[in-house]
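Visitor: sequence unavailable; structure follows:
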Ligand code: GLC
Ligand code: CA
């Protein structure tokens, strides 16, 4: 790659100030799973001080903001997505002062901070719930969703996303409460204006602390079907239910008043209905994450269905087209709930890991939207290969495993499913060095370090100019410094090659072509006719790019190349 004259805009305070409005549109986000990032005090658990110690790493990577997964006080049933006190820091991560230091230091490096906000449910250990479940007359009782049983069973057939019924019996009040996730995560009752007010105040509390935005967890679920009738499909009970816009609009007024950005987790809602949520004028949030390109398997989320590249490119394109009309997308291929992208979209084979990590990265990064990188993705980290159920920590994987065993699966088969798709794959410690515990901790870590750390780690990738890490640094620099790659139009290039994802980004100034081969086959890609006579530059490539001329590009296994036409 050639050198780029552009610098990170925020190194220049003048430009930084000028681009402050809608900063998230031109930036790159980095998602941190605090429990697994860096353990600074040697208790085996990542912490806030650990993150502060690595700000230089984030700065050198070139990211503009950090999305911090939940660090609030929590029993940790779902690693912090079960909040017991929305205004505090869990002692395992440090103190409020440590968080203040982190925010201050990030800002000193011109890196913004986006907090994960879990509005849909609390922990069953939250004071509200502890009172609600004891006393039907408590003002907190109506902060949650209660129904009487029917015919000696649950109030209706609604199910939990973590398996089984969504209703849990509570003896003290002889009622059931609703939980979309684990039974230790009771859903909050957004119909109650006092609850809504309470949540609004929590949001303001964090804004006043200086955070720059929120990632809105499970945000499509705030409204439940008020008839509480049986449904044919679980989504009909609590996904994108009409009336949700009232709650979302109230929230949006707060974000707008204080000028904070929001990115919503908007799974399983079609582009036509979801995209209006991010409409710049009328929307309810700034960016959304959709999940169509990472959900295969129609039966359940651990389904082993093979992914199909034509489906991936179609789904991504549908969203690109919808967003061109209305709003802004968060772009990603990994997060804390998904398998590692190399294992899912690429190849773990040593000969192909580096290339396929880059191909999958380039594939999504240059689309229109704000790219997010999940910790370790920039190294090309791969799934951990668990061999025993004793290694599993994730509540959802454990639950699925137990269900399978009950259904008569043998342990190997049950393990096989969660080994590939289980959420622990993303949650093994960040791999900093080839040394003991990957440099993550000095004591036994809360979750096993993945075996790959000896070859895949920051220290070794720092040293190699051809590393996945350096490729990510280049992608970030390129995207952030090019107006066409930020704002230009998106167009999918038609190809009969089933493993290629090729698209164009263009405006009146420039045309870029992104060509990625997501397979171990070799392909010749004929350039689109209208571009075939135009000179171009190869701006970025991986080892799978063989050659290119005026009419075609030759790609080896997992080849990827970024072209700029004059
Ligand atoms: C979101 C989070 C996931 C969590 C769930 C319940 O999907 O990403 O990790 O388990 O919400 O809060
Ligand atoms: Ca620690």
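Guide: The structure has been received and is ready for your questions. Note that the structure is a prediction, hence the values are computed from the model and not measured. Numbers count the residues shown, from 1 in each chain. Ligands and ions are numbered 1, 2, ... in the order given.

Visitor: CA atoms for contacts and neighbours, from now on please.
Guide: Will do.

Visitor: start to end distance for stretch 152-168?
Guide: Using Cα to Cα, to the nearest Å, one end of stretch 152-168 lies 13 Å from the other.

Visitor: find the nearest non-adjacent residue to the residue nearest in space to the middle of the chain, please.
Guide: Centroid check for the chain by Cα atoms, centre = their mean gives residue 335 as the closest residue, at 3.7 Å. Here the nearest residue to residue 335 in space, its sequence neighbours aside, is residue 374; by Cα to Cα, 6 or more residues apart in numbering that works out to 5.4 Å.

Visitor: how much space is there between the closest residue to residue 338 other than its chain neighbours and ligand 2?
Guide: Closest residue to residue 338 apart from its sequence neighbours, by Cα to Cα, 6+ apart: residue 423 at 5.7 Å. Distance of residue 423 to ligand 2, given as Cα to the ion, to the nearest Å: 21 Å.

Visitor: surely residue 423 and residue 336 touch.
Guide: Yes: here residue 423 reaches residue 336: they are 6.6 Å apart, a contact under Cα atoms under 8 Å.

Visitor: neighbour count for those two, which is higher?
Guide: Legend: neighbour count by other Cα atoms under 10 Å for residue 423 and residue 336, higher for residue 423 (23 against 18).

Visitor: check which residues of whatever helix or strand residue 199 lives in are buried.
Guide: Following DSSP states H and E, one finds residue 199 within helix 193-208. For helix 193-208, the neighbour count (16 or more other Cα atoms under 10 Å) marks 195, 196, 199, 200, 202, 203, 206, 207 as buried.

Visitor: over to stretch 100-117?
Guide: Buried residues in stretch 100-117, counted by 16+ other Cα under 10 Å: 102-107, 110-117.

Visitor: got JSON lines for the residues you listed, with pLDDT and distance to ligand 2 too?
Guide: Putting those into JSON lines (pLDDT from 0 to 100; distance: Cα to the ion, whole Å) gives the following:
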{"residue": "102", "pLDDT": "98", "distance to ligand 2": "15"}
{"residue": "103", "pLDDT": "98", "distance to ligand 2": "18"}
{"residue": "104", "pLDDT": "97", "distance to ligand 2": "20"}
{"residue": "105", "pLDDT": "98", "distance to ligand 2": "19"}
{"residue": "106", "pLDDT": "98", "distance to ligand 2": "19"}
{"residue": "107", "pLDDT": "97", "distance to ligand 2": "23"}
{"residue": "110", "pLDDT": "97", "distance to ligand 2": "25"}
{"residue": "111", "pLDDT": "98", "distance to ligand 2": "23"}
{"residue": "112", "pLDDT": "98", "distance to ligand 2": "23"}
{"residue": "113", "pLDDT": "98", "distance to ligand 2": "20"}
{"residue": "114", "pLDDT": "98", "distance to ligand 2": "21"}
{"residue": "115", "pLDDT": "98", "distance to ligand 2": "20"}
{"residue": "116", "pLDDT": "98", "distance to ligand 2": "20"}
{"residue": "117", "pLDDT": "98", "distance to ligand 2": "22"}
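
Visitor: which stretches of the stretch 51-200 of the chain form helices?
Guide: Under the criterion DSSP state H, counting those that start in this stretch, the stretch 51-200 of the chain contains helices at 55-61, 96-108, 127-134, 193-208.

Visitor: before we move on, back to that, the residue nearest to the centre of the chain touches residue 425, doesn't it?
Guide: No: with contact defined as Cα under 8 Å, residue 335 does not count as touching residue 425 (10.1 Å).

Visitor: and stretch 300-309, does that touch ligand 1?
Guide: No: applying Cα under 6 Å from any ligand atom, one finds stretch 300-309 out of contact with ligand 1, separated by at least 12.1 Å.

Visitor: I'd like the average pLDDT over that stretch.
Guide: Averaging the model's pLDDT scores along stretch 300-309 yields 80.

Visitor: which residues touch it?
Guide: Counting contacts by Cα atoms under 8 Å, 6 or more residues apart in numbering, the residues outside stretch 300-309 that touch it are 295, 296, 297, 417, 418, 421, 422, 498, 499, 500, 501, 518.

Visitor: ok and the residue in the stretch 351-500 of the chain nearest ligand 1?
Guide: Closest approach between the stretch 351-500 of the chain and ligand 1, counting by Cα to the nearest ligand atom: residue 396, at 7.9 Å.

Visitor: and the residue nearest to that residue when sequence neighbours are not counted, how many residues sit next to it?
Guide: In this structure, residue 396 finds its nearest non-sequential neighbour in residue 162, 5.8 Å apart by Cα to Cα, 6+ apart. Neighbourhood size, residue 162 [other Cα under 10 Å]: 18.

Visitor: give me the pLDDT for residue 162.
Guide: 94.

Visitor: kindly report the same for the one 10 residues further on.
Guide: Predicted confidence (pLDDT) at residue 172: the value is 98.

Visitor: just list the residues touching it, thanks.
Guide: Residue 172 neighbours (Cα under 8 Å, 6+ apart): 133, 134, 135.

Visitor: same list, these, but as a markdown table with pLDDT please.
Guide: Formatted as a markdown table, the contacts of residue 172 follow (pLDDT from 0 to 100):
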| residue | pLDDT |
| --- | --- |
| 133 | 98 |
| 134 | 98 |
| 135 | 98 |
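
Visitor: many thanks, have a good one.
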